[in-house]
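>>> here is my input, please return the structure:
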Amino acid sequence: MPYILNKTNGAVLATVQDASVDLTTNLTFVGRNYSGYGEIVNENLVKLLENFSSNTAPSKPLQGQLWFDNTLDNRRLNVCYDGRNFKGIASIRVQSNTPDSSVKGDLWWDSTNKQLRAFDGTEYLVIGPTTSSASRSKWVFDEEIGVNAPTNTSYSVIKGLIGSSPIITIASLGSALDPATRLDPKTTSDLYDNFRNGIRKGITLAGCDANGSSTSSEYYFWGTAVESLRAITATNVTLTSSSADATFYVPFASGATGNRSLQTDAGITYNPSSNVLTTTASAARYADLAERYEADAVYDEGTVLVIGGEKEVTVTTTFADTRVAGIVSKNPAYMMNSEAGSDETHPYIALKGRVPCKVQGYIKKGDLIVTSSTPGYGVAANSVFGGAIIGKALESQSEGFGVIEVLVV
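Coordinates of the predicted model:
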């Protein structure tokens, strides 16, 4: 007479005939009068004892059946949740030290730091909270109700704490409170001691006053922003553009590094209506006094020019020409008529001082220089030519063409 096997819910699982075995599940069911049934029964007990330990899942599971996955990377107990598929049963260890023999996916509650961690195959990573009970610094996500806020209206505030003291806040005060108005913490808030002047929309540092300065508490944003400290001693300064006919004083920094103050001197002033800078010059970088004149072509440095041509000046072509204007200068120490044009249209002509000059022929130091018949060049004079002298040679030259320093007289 066959056995009828029922599951816990009463449903029929299998019918086992006499003198036979049933393989409906991963256990082997033995019928009456089956020879050697003892071995099969004992093997069933072993399978149950080891939860079908194997590197592959049982092929004919029942809902609720356990299976121990013994592959090296897993080694985890699984449960059949739908009669076909298995999923792992969470394993969590509670201890103060790092667990041994961990496999990927193991959970560990760190009882010392009060944090949940998960093993990634190499190390335990913190799941949360991000800061432990042993941390000396942390970010806290909180809600604040200010004394100046509408009744029972709270605002999300991120606080940066060192120990128990908040030193920075990040907040978005929302439409219920004017963004230009600060949120004043209550006396019961941990923000009260460091933020008595309130927190504002955005980032606020500890000790910040009503004007947004945290200088007195020495909390700063460092990095590129530290450059703003260079003018820390210049307060109540308003920068505006002006064209007024008035005297303004030019500021100077008191030092090259560190905290500096701004100072002025009555000896150097500026008038924006005339663009005139008034001061006393004690030195000049270059060596000549020059003025712009309109030329009929573009002339380079050292070219000798005379008055004439289609414009005001042109290149010389005559020996000892009394129409001589001077030598083209590129770097005058003092530039007169500077706004008359550009170097191409109105070159600077040296009136006094020393400048390079194009010359030809034999010249010895101290010779008088006059115009030559070679366009743009000067030459040494054998005698004095009234009104034709350009200057005096400061250098000597042998035969040929060259450029020497000339003292314009």
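
>>> neighbouring strands of the lowest-mean-pLDDT helix or strand in the chain in the sheet, and parallel or not?
Every helix and strand of the chain was ranked by mean pLDDT, DSSP states H and E. The lowest is strand 276-278, at a mean of 77. Here strand 276-278 has these sheet partners by DSSP bridges: strand 262-271 (antiparallel).

>>> and the partner strand, C-alpha only, in PDB?
Output in PDB follows, covering the C-alpha atoms of strand 262-271 (Å, rounded to 0.1, in the frame of the first residue of the first chain):
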ATOM      1  CA  LEU A 262      47.000 101.500   2.400                       C
ATOM      2  CA  GLN A 263      48.700 104.900   2.500                       C
ATOM      3  CA  THR A 264      48.700 108.100   0.400                       C
ATOM      4  CA  ASP A 265      51.100 111.000  -0.100                       C
ATOM      5  CA  ALA A 266      50.300 114.500  -1.000                       C
ATOM      6  CA  GLY A 267      53.200 114.600  -3.400                       C
ATOM      7  CA  ILE A 268      51.400 112.300  -6.000                       C
ATOM      8  CA  THR A 269      47.900 113.200  -7.200                       C
ATOM      9  CA  TYR A 270      45.600 112.500 -10.100                       C
ATOM     10  CA  ASN A 271      42.900 114.600 -11.800                       C
END
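
>>> list the contacts of the least confident helix or strand of the chain.
Strand 276-278 has contacts (C-beta atoms under 8 Å, 6 or more residues apart in numbering) with V250, I268, T269, Y270, N271. Where C-beta positions appear, they are placed from N, C-alpha and C, glycine not excepted.

>>> got it, and stretch 65-85?
So stretch 65-85 is contacted by 26, 50-55, 57-58, 61-64, 86-89, 91, 103-105, 121 (C-beta under 8 Å, 6+ apart).

>>> of those, which belong to strands?
Members of those lying in strands (criterion: DSSP state E): F86, K87, G88.

>>> and those, which of them are buried?
Buried members of the ones in strands among the contacts of stretch 65-85, scored by 16 or more other C-beta atoms under 10 Å, are F86.

>>> pLDDT of stretch 69-80, averaged?
For stretch 69-80, mean pLDDT rounds to 87.

>>> what mean pLDDT would you report for the longest strand belonging to the chain?
Counting by DSSP E, the longest strand found in the chain is strand 348-360. The average pLDDT within strand 348-360 is 96.

>>> against which helices or strands is that strand packed?
Where contact means 3 or more C-beta pairs under 8 Å, 6 or more residues apart in numbering; DSSP states H and E, strand 348-360 is packed against strand 288-292, strand 304-307, strand 324-329, strand 378-380, strand 401-408.

>>> generate a markdown table for these, with mean neighbour count and mean pLDDT as supplementary columns.
Formatted as a markdown table, the helices and strands packed on strand 348-360 follow (neighbours: other C-beta atoms under 10 Å; pLDDT from 0 to 100):
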| stretch | mean neighbour count | mean pLDDT |
| --- | --- | --- |
| strand 288-292 | 22 | 94 |
| strand 304-307 | 22 | 97 |
| strand 324-329 | 26 | 96 |
| strand 378-380 | 23 | 96 |
| strand 401-408 | 18 | 96 |
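
>>> got these as CSV, with distance to A388 columns?
Putting those into CSV (distance: least, C-beta to C-beta, whole Å) gives the following:
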stretch, distance to A388
strand 288-292, 20
strand 304-307, 10
strand 324-329, 6
strand 378-380, 11
strand 401-408, 14
